[in-house]
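Colleague: fold the following and give me the result.
(2 chains)
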Amino acid sequence: DTEVTQTPKHLVMGMTNKKSLKCEQHMGHRAMYWYKQKAKKPPELMFVYSYEKLSINESVPSRFSPECPNSSLLNLHLHALQPEDSALYLCASRYRDRGTYEQYFGPGTRLTVT
Amino acid sequence: AQSVTQLGSHVSVSEGALVLLRCNYSSSVPPYLFWYVQYPNQGLQLLLKYTSAATLVKGINGFEAEFKKSETSFHLTKPSAHMSDAAEYFCAVSRVSGNTPLVFGKGTRLSVIA
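Modeller: Sure, this is the predicted structure:
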């Protein structure tokens, strides 16, 4: 299994809703990432987990709450989002290959906040 | 701080023509450089990476890139464009160590004309 999966593919939520995005990988990678990507822009880093511990938080608003329950699973809990949070949310895991690191990306969750 | 600059937000080529996408980097230490491709409504796929082992790097789908330290460049090329190459291409840089996240360029959209 050489892929990162993300569910759901699409999510529409109101500003008062609570929802979660899920990311899963079974490649044994010990670092996982959340990125946010707005249309026609590059991905922007949100969070990094290393060995299930949060190691980087890029000053993301508290309405986004990450969770890493185990080495294969990464969640992003959403609450009281704003319309400007509508974006593609990408998950990635990091793989070490002969001294260098590569990131595998999932297909993303397209989030629309109404 | 590390950064990459992609020259040209949109490049258009005819099918069968040479593809050249430009990327210049800025780094105070030897960088690791990557090219990713993103098809519409999908995640990012790694095309190739530079890790100092060889200056000419071959990737998937017939793409290659050459690292030129004197020009601080890592341009992506393909001898003959195919319609299926139409996508968004991102150049990215990272340091070697730890959980260092990728720093992406702004992206170049490649159109292929029949």
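Colleague: look up phi and psi at residue 18.
Modeller: You didn't pick a chain, so chain A it is. Backbone torsions of A:Lys18, given as degrees, to the nearest 10, read phi -120, psi 130.
Colleague: hmm, A:His77 and it touching each other?
Modeller: Yes. If you go by C-beta atoms under 8 Å, A:Lys18 and A:His77 touch, sitting 7.2 Å apart. (C-beta placed from N, C-alpha, C; glycine too.)
Colleague: and chain B, which residues reach chain A?
Modeller: By C-beta under 8 Å from any C-beta of the partner chain, the part of chain B that sits against chain A consists of B:32, B:34, B:36, B:41-46, B:49, B:51, B:90, B:94, B:96, B:98-102, B:104-107.
Colleague: any idea which helix or strand in chain A has the lowest mean pLDDT?
Modeller: strand A:100-105 (a mean of 84; mean pLDDT, DSSP states H and E).
Colleague: and the very next helix or strand once past that strand, what does it pack onto?
Modeller: Counting by DSSP states H and E, the next helix or strand C-terminal to strand A:100-105 is strand A:109-113. If you count contacts as 3 or more C-beta pairs under 8 Å, 6 or more residues apart in numbering or on different chains; DSSP states H and E, strand A:109-113 packs onto strand A:10-13, strand A:87-97.
Colleague: who does the least confident helix or strand of chain A pair with, and is each partner parallel or antiparallel?
Modeller: strand A:87-97 (antiparallel) (DSSP bridges).
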